[in-house]
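Visitor: Need a 3D model of the following:
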Amino acid sequence: MAVFCGPANGKPAGTVGGVGGDAAGDQAGGVAGGGRGVAVGGLGQQAGRGLAAYLLVPRPDTWAKALMAPACFLLAATSTGHFGGWARFVVLWLVLELLIYPARYQWNDIVGLEADQRHPENAARQRLPAGPAPGDRRRAVRLSGLTAAARV
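Guide: Numbering: from 1, shown residues only. Coordinates of the predicted model:
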């Protein structure tokens, strides 16, 4: 839920909880800025997901993208009338979406952990949930790395 404070023309002049902006002048936190604005639980913060939830599904907001491949397959199969390769497609799609892509996201989060923790909207971005203590960070990185390796 984003909270906008803006002029009468409807274009957001600012967003509570957002930072920066884009070339169109929209503040981060708005739709064009890609941010999430104010989330339930405080300014610019979102109730964080736990490590177990992250290890199961590192990027819960990517499911819409996951549906693009089946949509393309169905469109191609419908236009050609050939549905013969559906079983192979489903297996490949599941391997990519449930194993390879999450492992890639986890590796990216491990590499960018320090930058992600310094980001002003850290909680809203839902990256690797590592606590402030060095022991917590080491544990989160170790478990995420092991999970990613098991997926691959």
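
Visitor: His82: which element?
Guide: Following DSSP states H and E, there is no helix or strand that holds His82.

Visitor: measure it to Glu121 for me?
Guide: Look at His82 and Glu121: by C-beta to C-beta, to the nearest Å, they are 46 Å apart. Where you see a C-beta, it was placed from the backbone N, CA and C, and this is true even at glycine.

Visitor: cool, Ala66 as well?
Guide: In terms of C-beta to C-beta, Ala66 sits 24 Å off from Glu121.

Visitor: quick one: which of these two has more around it?
Guide: Higher neighbour count among Ala66 and Glu121: Glu121, with 20 against 15, using other C-beta atoms under 10 Å.

Visitor: pLDDT at that one, what is it?
Guide: pLDDT for Glu121: 79.

Visitor: in the helix ranked longest in the chain, what counts as buried?
Guide: Ordering each helix of the chain by length in residues (DSSP state H) puts helix 134-151 first. Buried residues in helix 134-151, counted by 16 or more other C-beta atoms under 10 Å: Arg137, Ala140, Val141, Leu143, Ser144, Thr147, Ala148, Arg151.

Visitor: which one in those is the model shakiest on?
Guide: Lowest in pLDDT among these is Arg137, which has 86.
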